[in-house]
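Give the three-dimensional model of this entry:
(chains A and B)
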Number of protein chains: 2
Amino acid sequence: MVPVSRVSGRALGSLLPDLRRLPGPVYAALGDAIVSLVLDGRIAPEARLPSERELADQLAISRATVTAAYDALRGQGFLASRTGAGSFVTVPPDARPRVSTLRWAPATPQHADEIDLTCAALPAPPGVLPNAIARAVEQLPVLAAGSGYDPMGLGPLRAAVAERYTTRGVATHADQILITNGSLHAFDLLLRLLVGPGDRVLTELPTYPGALDALRGNGARIVPVPLAPEGGWQVGQIQATLRQTSPRLAYLIPDYHNPTGALVHDQDRRDVLRAARQAGTTVIVDESFVELGYGSSARPAAALDGTVVSIGSLSKPVWGGLRLGWVRGSADLVRRLAVQRAATDVAGSALDQLVGTVLFAELDAITSRRRAELQPRRDALISALHTHLPQWQLQVPEGGLSVWVELDAPQCTPLTQVAAQHGVTLVPGSRFGVDGTLERFLRLPFALPTERLEEAVRRIAAAWQRLDHSGAPMRQLVVA
Amino acid sequence: MVPVSRVSGRALGSLLPDLRRLPGPVYAALGDAIVSLVLDGRIAPEARLPSERELADQLAISRATVTAAYDALRGQGFLASRTGAGSFVTVPPDARPRVSTLRWAPATPQHADEIDLTCAALPAPPGVLPNAIARAVEQLPVLAAGSGYDPMGLGPLRAAVAERYTTRGVATHADQILITNGSLHAFDLLLRLLVGPGDRVLTELPTYPGALDALRGNGARIVPVPLAPEGGWQVGQIQATLRQTSPRLAYLIPDYHNPTGALVHDQDRRDVLRAARQAGTTVIVDESFVELGYGSSARPAAALDGTVVSIGSLSKPVWGGLRLGWVRGSADLVRRLAVQRAATDVAGSALDQLVGTVLFAELDAITSRRRAELQPRRDALISALHTHLPQWQLQVPEGGLSVWVELDAPQCTPLTQVAAQHGVTLVPGSRFGVDGTLERFLRLPFALPTERLEEAVRRIAAAWQRLDHSGAPMRQLVVA
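Numbers count the residues shown, from 1 in each chain, chains lettered A, B, ... in the order given. Purely as a prediction, here's the structure:
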């Protein structure tokens, strides 16, 4: 195992609590604190820790204390060392929640009046589809006279997507657009074309679980960089990881990040994109949620750096049942992706693409109604959380469809199990991370009507109360 | 390089002409004949030839003559030998037509009145789609109230596909059906789930180019087995290859094979499926064309062997612009494929699936009109070929959408280039094979109206006349 990124003594020092104020010997407190940072996703799995000497200097404690802490971590399976390569973080299998790595599985409701909070997606906007379909059917005869196959996607839809980029300040020609079956399909095609087995791909931590699955499915080596505790990028850490690991790709969600809803502002974008260019890393920016912002926005990443590859979709602003996404890249990349696509699923649905072309003309009206509907739901969810679970922490998301909540104990997987009995289906936070970390976190979508969200929070609070939070931090699974 | 299949002395003997009746020394005639067999796809690239002694005994010629022939082949790059592993067939890069491995590329017509014969696919059946869409829209509200994502596919459509299998004599439950975006997508999902890099997959030679692309894209090692010159399987050779190479998968098209239109009869199916079971090989049967037979039919492979995985689609019987295909397998396989699918493009188009559910109820009427329309086109194409290119040979296809034609010279790639100037777009036969072989063959679809097919054949004949067929067999590219 090669360490994929490095945590400096100073960075680790800034993450650690004051060890002398914790009960027990300092070496044990240091070990426990590092375990918590790993399991909470503050330090990425496989990151290299500072040397014992560097950390001792930083914390102004004896080197023997750090040695004892690292030895304890090694004994518990949280640290692996190799001569010359340093010590790097691992997560022992026993410390991973057992159900957290489940991918998609058919839902089997356990409760008659179940509230499903697994999916950050909306129903189709009322009344929009039948009209759009009727207008699409008028356009159908020309297409229906041919084979119906076009791996690039329908010309008028490509032009509509390109025009929307141009309007957003990213001059784009239709040749630069490939139509896909949604943004995950766009990402998967890019991975199949650009990534070989073992190639490194930098991601945020947490990030969109579908992207993690696609990365694993393509044999990529995931290099996760933790987000800042207050949301958004830790620019220095992303830059350092780009420099140290020169990943093939970086997959980033600066526009209303999934799951945190954070918006990355222009200067941070510029700084990270510059570092990526210097590292020879191709940046893929997922703009799935860009139309769902509730206040501030930022310049599109592709406007700041022409080499950025953008992916997007109508699934979040309109409806996921329409399988319509896209890639915006160079005309050459788009051609190569189309060849790739022709050899996998040939082409997208002609009918969906005709409907999508109609919808693009109305997209501003649709998304403006969406935002007006969603912002009160976001506020109601947050207000219910403050009322019923005041010990949980969160940042108000600037966009998107979900709130990322930090629980007061790393017990998201057992919560998910108990909540199901109370009639709420949840996805544990570890689904948004790697190696079973992020057990302290939970993504709560606000796609449902206000009263359902309030009822969901009441049920979650009841489930949380049934769990014993007294002791049992995750690592006791290991030491016991 | 490990040889992937073996050609016995007897098998090679049966393919060779009477060498003593050919001009020049016997060793040269033997070498030339073997080169032709390789380039025409009668011997698969990478197949192991019989030992010199075995072939000499079989042909009743001296071992020195065989040695001289093999030495000449080695010198020309058509044979590679490794101590202990024998001599196996290769195709030197110079002998491969330069444009034949092109995958899909956007068409740029060179001729105002171009006739496109690249695609074996039909326009949508007249009048069918608007009604089906109108009825689908009535079903939409229930789906539109949810996220629209279902990686398994819509329940009623899965039930309709299962019912059609049951009607065909393959008892099937909806749990055994996964809905995909067409049959190539079904195949690609199966490859992603079941095949690792370097795993062997047996295919017919020729076969569907999309399948070859998907196999290459998934890093599979293609093990091609030539079809019989008169069409259909060479059962003994498939059995021997299964026994000798134990491939992970076999991809077969027994129901109106693409491109030859051949139908494999029940006993041959039974014999090959038994050999596959004994070799531990999972058989994937592509039934894309099963609804387009013009006379005889055979028992579905899955009715003869319950472990067969079937894939199919509405693209050929209805329309490719609807992205609707499926896998029929065990409920467990289907679940695992759905997990795979959720991590790649999430789900299929809800609207297409609703339309497909409506169309399944009318499928018999639609396909019966299709067959009535297509059979005269097939006959007109064949008749025009007999008139204008009587020196070309073909077998009358029992189903499907194309005729596989054997030219009187291995010049399909130059023909494709000249034909484009005459207003016909063709795909060279080598697109249906591996390593640039099959230059002597051409797939001609009969999806167009009769008069267009007749005009296409007149243009192809004019183009063929412009080529010099006098000498210039392919291998002169090598020896020159």
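
and the residue of chain A positioned farthest from its centre, what is it in contact with?
The C-alpha centroid of chain A is most remote from A:Ala145, which lies 41.7 Å away (Cα atoms, centre = their mean). Counting by Cβ atoms under 8 Å, 6 or more residues apart in numbering or on different chains, A:Ala145 touches B:123-124. Quick note: C-beta positions are derived from backbone N, CA and C, even for glycine.

Now do the same for it: its pLDDT.
Note for A:Ala145: predicted pLDDT of 94.

how many other residues sit next to the residue in the stretch 201-350 of chain A that chain B sits nearest to?
When scored by Cβ to the nearest Cβ, the stretch 201-350 of chain A has A:Gly321 as its residue closest to chain B, at 2.3 Å. Using other Cβ atoms under 10 Å in any protein chain shown, A:Gly321 has 29 other residues around it.

Just give the number of residues close to the nearest residue in space to it that is not next to it in sequence.
Ranked by Cβ to Cβ, 6 or more residues apart in numbering or on different chains and with sequence neighbours excluded, the top spatial neighbour of A:Gly321 is B:Gly148, at 2.3 Å. Counted with other Cβ under 10 Å, residues neighbouring B:Gly148 total 25.

Can you give me every residue that contacts A:Leu314?
A:Leu314 sits in contact with A:322, A:324-325, A:356, A:359, where contact means Cβ under 8 Å, 6+ apart.

who's in contact with A:Gly210?
A:Gly210 neighbours (Cβ under 8 Å, 6+ apart): A:184, A:187, B:342-343, B:346.

Turn those residues into TSV, columns for secondary structure.
Putting the contacts of A:Gly210 into TSV (DSSP: H, G, I helix; E, B strand; the rest coil) gives the following:
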residue	secondary structure
A:Leu184	helix
A:Phe187	helix
B:Ala342	helix
B:Ala343	coil
B:Val346	coil
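
Closest one to B:Pro130 out of those residues, please.
B:Val346 (28.1 Å; Cβ to Cβ).

wait, the closest one sits on B:Tyr149?
Yes: with contact defined as Cβ atoms under 8 Å, B:Val346 reaches B:Tyr149; the gap is 5.6 Å.

Tell me where the model's unsure across chain A.
Filtered on pLDDT under 70, chain A yields the residue ranges A:1-4, A:98-110, A:471-480.

Which residue is the nearest non-sequential neighbour of the residue nearest to the spatial centre of it?
Central residue of chain A (Cα atoms, centre = their mean): A:Thr207, 1.8 Å from the mean position. Nearest non-adjacent residue to A:Thr207, counting by Cβ to Cβ, 6+ apart: A:Phe432, 6.3 Å away.

show me the contacts for the one you found.
A:206-209, A:212, A:259, A:438, A:441, A:443 are the contacts of A:Phe432 under Cβ under 8 Å, 6+ apart.

7 Å - rerun?
A:206-207, A:209, A:259, A:438, A:443 (Cβ atoms under 7 Å, 6 or more residues apart in numbering or on different chains).

same for the helix or strand where A:Leu55 lies, what does it pack against?
Taking DSSP states H and E as the criterion, A:Leu55 maps to helix A:52-59. Counting contacts by 3 or more Cβ pairs under 7 Å, 6 or more residues apart in numbering or on different chains; DSSP states H and E, helix A:52-59 is packed against helix A:9-15, helix A:63-76.

Could you list every helix and strand in contact with the shortest one?
Helix A:9-15 is packed against helix A:52-59, with contacts defined by 3+ Cβ pairs under 7 Å, 6+ apart.

List the buried residues for the helix it packs on?
A:52, A:54-56, A:58-59 (16 or more other Cβ atoms under 10 Å in any protein chain shown).

Many thanks, I have nothing further to ask.
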